[in-house]
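K.L.:
Please find the sequence and the predicted model below.
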Amino acid sequence: MKQGFLWGGAVAAHQVEGAYNADGKGLSTADVMTGGSRQKAREITDGVVEGKYYPNHEGIRFYEHYKEDIRLFAEMGFRCFRTSIAWSRIFPQGDEEIPNEEGLRFYDSLFAELHKYKIEPVVTLSHFEIPYGLVKKYGGWRSREMIGCFTRFASTVMERYKDQVTYWLTFNEINNQMIVSNNLYAFTNSGILFQEGEDREKTVYQAAHYQFVASALAVKCGHKINPHFQIGCMVAASPIYPYSCNPDDILLAQRKDRQFNLFFADVHARGHYPSYIQKEWDRRGYALDITKEDRKALAEGCVDYIGFSYYLSGVMSADATMEKLGNDLAASPDTVENPFLETTPWGWTVDPKGLRYVLNQYYERYELPLFVVENGFGYEDVLENGQVHDKNRIEFLESHIREMEKAVEEDGVDVIGYTVWGCIDPVSFTTGEMRKRYGFIYVDKMDDGSGTYARIKKDSFYWYQDIIRSNGKK
């Protein structure tokens, strides 16, 4: 990889920090989601209900352990660390005029600790942790009022950390809200709970528009605060393949790929709505609230790079007689099994070559630098005699790094960096579990909240240390 390549790890504030009501922090959407499992969905409650278990309230106590954890990241050799700023730590209800100084001071200290070890912070502004006060007051991103609330938050933290943070991301996995079969994704992305009988996709498109405008305004504001800022978008990249060479399969996969993956990056990178989505809205009779001023903002606030997560790919078939998977992983009921790929215990396809495919697809389409800000392997690790032998995680990450390397060295793709998701075991966003572990560092916390919260290095810790030391050549 090129000199200065940003090897590191990634987390989100709500999945690790804990301290959900400490030092003036308000409730976020993550704080009203109970623990669940693959078999049982997380419950979204109206506020915090006594007697229910909310795993994000404690997270992994990163708020208390961050200095110890960053020391471990430095031991691995991290060159960057991606996290988020909890919006409700800075503006507890989301729409205050004056920020919470205690919340700002926490991130002062966090970023200073990272710089102490020469680790570059990569900061997401909105990572599935909208202030719950904005959900109650405005219905989340259903409302245009959210644009002003977000831009106030963004400008506040960008001004505060203009000399500590260079790399920013606006909205995490903004396209995941296109999965409308349940409330999980729209609620975490946008604070939206669907109402009976409403057109869910129309609601999500409108919310996404307000987010696009907010993102563009944040980009423009950020560049004024510090012209050296690098501000990107963040999408969940899940390539969609046709099941066969049948033209019907190919056209279906193309249409779904544009709707779920490419549309969101298109607007962020190009600054306008593509013709294919305009035609889709026309066919469906969608008259969205989009003003001339909004379109001007989009054109003036294009991102500097494309950040994305990559975990899996999907396959689609137009054949109605084929058995469909019936899950949310590729955001379509037309998803079928890929006979050439294995899956994880959580049903996610293992497709390293899909990462190379996405890197080429995005770079050819946008001609912007790319940043793999999430890639990881969730598995139920076993702690035996104080050790975790996670050979399967090493094999998974090794195979993906090799394909990324090919995209850079053989295909000419410009990649800024690579951050492994959940570099220290986080609370799972989808299920609220701890047993679905991702990290190089095991955290002694169980799904019932018990545990010592001790940190234990897995075998992958030392493997990734060698990867970084050799700049990916191990």
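P.N.:
Happy to help now that I have it.

K.L.:
And the helix or strand harbouring D69, what's buried?
P.N.:
Take DSSP states H and E as the rule and D69 turns out to sit in helix 62-76. Buried residues in helix 62-76, counting neighbours by 16 or more other C-beta atoms under 10 Å, are found at 62-63, 65-66, 69-70, 72-74, 76. Every C-beta, even on glycine, is put in place using the N, C-alpha and C of the backbone.

K.L.:
Kindly indicate which of these lies nearest H389.
P.N.:
Of all the buried residues of helix 62-76, the one sitting nearest H389 is M76; the distance, using C-beta to C-beta, is 17.6 Å.

K.L.:
Show the residue spans covered by the strands in the stretch 301-450 of the chain.
P.N.:
Secondary structure of the stretch 301-450 of the chain (DSSP state E, counting those that start in this stretch): strands at 305-310, 314-316, 335-336, 370-374, 415-421, 441-443.

K.L.:
What strands flank the fifth one, and is each parallel or antiparallel?
P.N.:
In this case it means strand 415-421. Taking DSSP bridges as the criterion, strand 415-421 forms sheet pairs with strand 6-10 (parallel), strand 370-374 (parallel).

K.L.:
so it versus helix 62-76, what angle?
P.N.:
Relative orientation of strand 415-421 with respect to helix 62-76: 120 degrees, computed using axes from the mean of the first three to the mean of the last three C-alpha atoms, to 10 degrees.

K.L.:
Quick one: residues in contact with stretch 47-62.
P.N.:
The contact list for stretch 47-62, computed with C-beta atoms under 8 Å, 6 or more residues apart in numbering, reads 11, 14-21, 27, 30-35, 43, 45, 69, 132, 424-427, 432-434, 443, 445, 447-449, 453.

K.L.:
Of those, which qualify as buried by neighbour count?
P.N.:
Among those, those that count as buried by neighbour count (16+ other C-beta under 10 Å) are 11, 14-20, 27, 30-35, 43, 69, 132, 424-427, 432-434, 443, 445, 447.

K.L.:
where does this protein dip in pLDDT?
P.N.:
326-332, 474 (pLDDT under 70).

K.L.:
again, only this time at 90
P.N.:
37-39, 181, 320, 323-335, 344-348, 473-474 (pLDDT under 90).

K.L.:
sorry, back to before: would TSV of the strands paired with strand 415-421 with mean neighbour count and distance to D266 be doable?
P.N.:
What follows is the strands paired with strand 415-421, written out as TSV (neighbours: other C-beta atoms under 10 Å; distance: least, C-beta to C-beta, whole Å):
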stretch	mean neighbour count	distance to D266
strand 6-10	25	24
strand 370-374	26	15
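
K.L.:
Redo those as TSV? Include distance to F171.
P.N.:
Converted to TSV, the strands paired with strand 415-421 look like this (distance: least, C-beta to C-beta, whole Å):
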stretch	distance to F171
strand 6-10	15
strand 370-374	12
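
K.L.:
Just the ones in helices from the contacts of stretch 47-62, please.
P.N.:
Using DSSP state H, the subset of the contacts of stretch 47-62 located in helices is 14-16, 69, 132.

K.L.:
Turn those into TSV, including distance to T83.
P.N.:
Output for the ones in helices among the contacts of stretch 47-62, formatted as TSV (distance: C-beta to C-beta, whole Å):
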residue	distance to T83
H14	10
Q15	10
V16	8
D69	11
Y132	20
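
K.L.:
tell me which of these is nearest to F340?
P.N.:
When the ones in helices among the contacts of stretch 47-62 are compared against F340 (criterion: C-beta to C-beta), the nearest one is Q15, at 32.2 Å.

K.L.:
if I pick the nearest residue to the closest one once chain neighbours are set aside, what's in contact with it?
P.N.:
If you skip the residues right next to it in sequence, Q15 has P426 as its closest partner in space, 3.8 Å away by C-beta to C-beta, 6 or more residues apart in numbering. With contacts taken as C-beta under 8 Å, 6+ apart, P426 has the following neighbours: 11-12, 15-16, 59-60, 438-439.

K.L.:
go again using 6 Å as the cut-off
P.N.:
Contact criterion C-beta atoms under 6 Å, 6 or more residues apart in numbering gives 11, 15-16 as the residues in contact with P426.

K.L.:
Tell me what the residue lying closest to V408 once chain neighbours are set aside is bridged to.
P.N.:
The spatial neighbour of V408 that comes closest, neighbours along the chain excluded (C-beta to C-beta, 6+ apart), is V415 at 5.4 Å. Under DSSP bridges, the beta-bridge partners of V415 are L370.

K.L.:
Which residues are in contact with K116?
P.N.:
When contacts are taken as C-beta under 6 Å, 6+ apart, K116 is in contact with no other residue.

K.L.:
neighbouring contacts of stretch 458-466?
P.N.:
Applying C-beta under 6 Å, 6+ apart, the contact partners of stretch 458-466 are 76-77, 388-390, 393-394, 440, 442, 474.

K.L.:
wait, stretch 261-276
P.N.:
174-175, 212, 233, 235, 258, 277, 298-299, 302-303, 306, 366, 368.

K.L.:
Next step: the residues you listed restricted to helices.
P.N.:
In helices, defined here by DSSP H, the members of these are 212, 277, 298-299, 366.
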